[in-house]
Structures are given as structure tokens and as C-alpha cells.
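> When you get a sec, could you give me coordinates for this:
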Amino acid sequence: MPRNALYAQSGGVTAVINVSAQAVIETARRHPERIGTVYAARNGIIGALTENLIDTAQEPDAAIAALRHTPAGAFGSCRYKLKGFDKNLAEYERLIEVFKAHDIGYFFYNGGGDSADTCLKVSQLGDKLGYPVQAIHIPKTMDNDLPLTDCCPGFGSVAKYTAVSIREAGFDVASMAASSTQVFILEVMGRHAGWTAAAGGLAAEREGDAPQVILFPEIVFDEDRFLAAVDRAVKTYGYCAIVASEGLRDANGRFLSEADTTDAFGHAQLGGLAPRLAQRIKTRLGYKYHYAIADYLMRAARHIAARTDVEQAYAVGRAAVELALTGASGVMVTIERQSDSPYRWTTGTAPLEQVANVERKLPRAFITADGFHITEACRRYLAPLIAGEDYPPYENGLPRYIRLKNVPVPPKTGRVFTIGTQT
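Take a look at the predicted model:
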């Protein structure tokens, strides 16, 4: 009898994470002799622990296909990281209990670095606790900071959104600068790695194009140098457009936008960098400003997704199932670049031990010597990732997105499990 599969989404969602879900479900449906039902855990690993499962078999093929055009997480996501076996054995025993009850033999976890760590631990259930399960990590992160892969699904679309947004805003500010706004700041996501901020640099194809200044988390923030660059741009071009990463740090290593709170992983909560920068510009340079904080808008922008990103998101989901069918476990699907122009790529694998909790930062060679823009090497890397359009269907002037039925699977374990404790 074929064993069942469990798919789950984790971490910050993207415009194309559902494309990977589509690929997993569609590929599994083509192999009924090997994979039974594909269940989805509601809200990531939390759904697995609480036995809150969804029966994707209740969704028709057309609904699953419509995931291609729908942003965010169709099955819910979470920020929850399993502790080590020695620190919370009860969670692993609970996973085995749920997996046994629903005959789960395959586990596909779709997420970033912390999710890779969770997937690695699930892959170790066989060796450590005697319940073998094939666990494959499907990469997803708009931050593009997973190691051993050319890029991460979710990033290309955010990169496209960033480049388009700063280009359009640049036209706006340039038209108003003579008598009104002279400085515009676009704050983008990127805690430790400046990939998203760098993508804004693609919009600057000629001298004076927006953005004139990019602020990367890899470059220590120097207020005097920054203000001098802004002042120089305004005096030279009449205005200055800035892309600023939320993860900007000062010389002491502190986030400029740190809010003195942390998330579920212990990461500092960030937000509000743009108004801080704007106020310094106003106080010290006297320029009128506007700013925007893209935040969830950029990662949910399916209407402007990059076709390359959509295709890669599907490819890694399909490859995960195909790898599982060969007996693979404890690996992440990767994207391997074969050439820049034309852009050619294929999928590969990387061991989760080398992926989990490792962040890939923007190389210094991708940042100009003055620290305020991208190099040609960076442009060559980024340009193919935003290529192509893959518009969703529209109805009444708005994108038509799917909401799945998400039919719950009846519990079989006979008990309630509360995260962190057992009752």
C-alpha cells in the first residue's frame, strides 16, 4: 500500500509559495501507486503537532492548478522551530504519533533557513526514534539567503516588485522635485542580507536613474556619508530616490529599526527604518521627503510575479516529490545556474546539514566601492531572476485568486497536544 505524504508551508509567505504546493500535489497525483493521499498541515509544523491536517484530495485538479496564480500560503504558515531532541522529546514523539496515525511516509517542508532546520530534524526521526520518514526541504524565501542554491523561489518576484516600484516612484519624485518632494525612501525587507535592496538597483540603467542610493545590511551605516550621498544626488539630478534594507545596522551592530521586541525565533522585530532616515534628512539637509514601507505588499504581489520565479517554484516542488520517490531524505532541492545569458538552470540537491540555520549574504563584490549601489556582476546575477511576466487571471478588474476548501482530516490519535506541553 502506498504511504501518505504531508506537505506544509513555513515562515514568511511569498507570491509563489503556492506554486510549489501545486507542484507537490500534482506530481504526487501522477504517482498513486507510490504516494497515497497528500495531506497539508495547517499552519506549518504546528498543524502536524496538533493533528490539524487538511485533505488535499478533496480539491479538484482545477483548484490545485489555480494555486499557480494565488499568493500567500494556501494552507497557512507559521514561525515555529522545533527544539533539539534532548530539549523537547515530547514534540518528536508527538510527530511520530501523528505520522503513524495517518501513515505518513513523506514529509515536504516548504520554507527558509529555520524551516530547513525543522525538516532536518524530522528526517532524523528514523535514526533517533525508530520512525523512518523521508523528509525533503523545498526552498522558499523572499530574502534569497539560503546557501548552496543559485536563488530562492519567492525572491525573483520580490526583486521585480522592488525594481519596478523604485523606477515608478523615481519618475514621480523627479516630476515633483522642483517645487515639492526631493527625496523618496523605499524601505524593503531583508534582515541580514541585502538581496532585496540590491534588486532595486536594476532600475538604474542610466546615470541619474532611481535609485541613486541603496542601503545594504552588509555595509555599516555611516550617517554623514549617507547624507552626503543624498545631498549630492539632489544637487546633481534634482532629486534622490533611496532603497533601504530594514536590516541596516550602525557601527555597534544594532539595527537602526530595532523595536526592542523579538519574534518566535528570537529574531529582533524590525520596522520603521524609513521614517527614521527621513527625519535625519529633513533635520540635517532640509529636504522635503516621502517614504514607503513595502513590507507585506512586496511579498504578496502576485500580480507582478516574475515568470522565472514561478517556473522555479514549480520545479522545486516537483523535484521534491521525484527525489522522495528515489528514496532521498534529509536534502533540500536547489537551483543550479548553468549560464547567465541566456539564463539556463536546473534543479539539484544539497544536504540539510549544510543548509539549516546558514544565511547567505550579498557578496561584497556585488556592492560598489562606495557602498551605495550594485556592481555589474550583481546586475548579471539579478537580471535573469526578474525576467518574464506571469499575470494571474483578472475578473471585475481584480486578480482572481483561489481559496481552497481545506477540508479537515478527522483526528485519529485521540488526544490533544498543546505546543510546548502535553495534555
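> can you pull the buried residues of the lengthiest helix in the chain?
Determined from DSSP state H, the single longest helix within the chain is helix 155-176. The neighbour-count check on helix 155-176 (16 or more other CB atoms under 10 Å) flags 155-167, 169-170, 172-174, 176 as buried. For every residue, glycine as well, the C-beta is placed using N, CA and C.
> How far off centre is that helix?
Centroid separation for helix 155-176 versus its chain: 19 Å, with CA atoms, centre = their mean, to the nearest Å.
> measure the spatially most central residue of the chain to V316 for me?
Nearest residue to the geometric centre of the chain (CA atoms, centre = their mean): T141, 2.0 Å. T141 is 12 Å from V316, where distance means CB to CB, to the nearest Å.
> Could you do A328 as well?
With CB to CB as the criterion, A328 and V316 are 13 Å apart.
> The stretch 1-150 of the chain: strands as residue ranges?
3-9, 35-41, 53-55, 104-111, 134-139 (DSSP state E, counting those that start in this stretch).
> Just the pLDDT at the closest residue to F75 other than its chain neighbours, thanks.
Among residues not flanking F75 along the chain, A40 sits closest, at 4.1 Å (CB to CB, 6 or more residues apart in numbering). Reported pLDDT at A40 in the predicted model: 98.
> can I assume A40 is in contact with Y7?
Yes - at 5.2 Å, A40 counts as touching Y7 under the criterion of CB atoms under 8 Å.
> Name the residues contacting each of these two.
A21, T56, F75 (CB atoms under 8 Å, 6 or more residues apart in numbering).
> Those into a markdown table, with extra columns for pLDDT and distance to L273?
What follows is the shared contacts of A40 and Y7, written out as a markdown table (pLDDT from 0 to 100; distance: CB to CB, whole Å):
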| residue | pLDDT | distance to L273 |
| --- | --- | --- |
| A21 | 98 | 32 |
| T56 | 98 | 39 |
| F75 | 98 | 32 |
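> Out of the residues you listed, flag the one nearest to I367.
Taking CB to CB as the measure, I367 lies nearest A21 of these, at 34.7 Å.
> hang on, isn't that closest one packed against G76?
No - look at A21 against G76 with CB under 8 Å: they stay out of range, at 11.4 Å.
> Identify the contacts common to the two.
Residues touching both A21 and G76 by CB under 8 Å, 6+ apart: Q9.
> neighbour-wise, which of the two wins?
A21 (30 against 20; other CB atoms under 10 Å).
> low pLDDT regions in this protein?
258-271, 420-423 (pLDDT under 70).
> how near is the most far-flung residue of it relative to its centre to F171?
Note on the chain: the largest C-alpha distance from the chain mean falls to S179, namely 39.2 Å (CA atoms, centre = their mean). Counting by CB to CB, the separation of S179 from F171 is 16 Å.
> Could you count how many residues lie near the nearest residue to A198 once chain neighbours are set aside?
In this structure, A198 finds its nearest non-sequential neighbour in I374, 5.1 Å apart by CB to CB, 6+ apart. Taking other CB under 10 Å as the neighbour definition, I374 ends up with a count of 24.
> what is I374 paired to in the beta sheet?
I374 forms beta bridges with I367, as assigned by DSSP bridges.
> Let me know whether it touches R364 as I believe.
No - counting by CB under 8 Å, I374 sits too far from R364 to count as a contact (11.6 Å).
> quick one, strands of the stretch 251-400 of the chain?
Taking DSSP E, counting those that start in this stretch as the criterion, the stretch 251-400 of the chain carries its strands at 258-262, 268-270, 289-293, 331-339, 344-351, 394-395, 398-399.
> check contacts around A387.
With CB under 8 Å, 6+ apart, A387 has these contacts: A306, R307, T308, Y343.
> swap in V19?
V19 touches L67, R68, P153, V310, A313, Y314, G317, counting by CB under 8 Å, 6+ apart.
> any idea how far I185 is from the residue lying closest to the third one once chain neighbours are set aside?
Translated: P153. Spatially, and ignoring its direct neighbours in sequence, P153 is nearest to A313 (3.9 Å; CB to CB, 6+ apart). Distance, A313 to I185, using CB to CB: 30 Å.
> what does Y80 give?
When Y80 is compared with I185 (using CB to CB), they lie 33 Å apart.
> Looking at those two, which one has more neighbours?
The residue with more neighbours, out of Y80 and I185, is I185; 27 against 19, by other CB under 10 Å.
> so the more buried one touches R276, yeah?
No - counting by CB under 8 Å, no contact exists between I185 and R276, whose distance comes to 9.7 Å.
> Now for P399, how many residues are close by?
By the criterion of other CB under 10 Å, P399 has 14 neighbours.
> so it bridges to which residues?
Going by DSSP bridges, P399 forms beta bridges with Y394.
> mind checking the SS state of T196?
The three-state label given to T196 by DSSP: H, G, I helix; E, B strand; the rest coil is helix.
> and it, how many residues sit next to it?
28.
> what's the domain layout of this structure?
Listed by automatic domain parsing, the domain ranges of the chain are 3-149+304-358+390-422, 155-303+371-386.
> chain center to the first one: distance?
So that's domain 3-149+304-358+390-422. For domain 3-149+304-358+390-422, the distance to the chain centre is 13 Å (CA atoms, centre = their mean).
> Could I get the contacting residues of L146?
By CB under 8 Å, 6+ apart, the contact set of L146 is G112, G113, A116, P139, C152, M332, V355, V358, R360.
> of the residues you listed, closest to G105?
Taking CB to CB as the measure, G105 sits nearest to M332 out of the contacts of L146, at 19.1 Å.
> Count the residues that sit near the closest residue to the closest one other than its chain neighbours.
For M332, ignoring the flanking residues on the chain, the nearest one in space by CB to CB, 6+ apart is H137 at 4.0 Å. Each residue near H137 was counted by other CB under 10 Å, and the total is 34.
> picking that back up, output the strands of the stretch 251-400 of the chain in CSV, with distance to G11 appended to each entry.
Formatted as CSV, these follow (distance: least, CB to CB, whole Å):
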stretch, distance to G11
strand 258-262, 16
strand 268-270, 15
strand 289-293, 20
strand 331-339, 14
strand 344-351, 18
strand 394-395, 29
strand 398-399, 23
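> looking at these, which is closest to A203?
Closest approach to A203 among the strands of the stretch 251-400 of the chain is made by strand 289-293 (14.5 Å; CB to CB).
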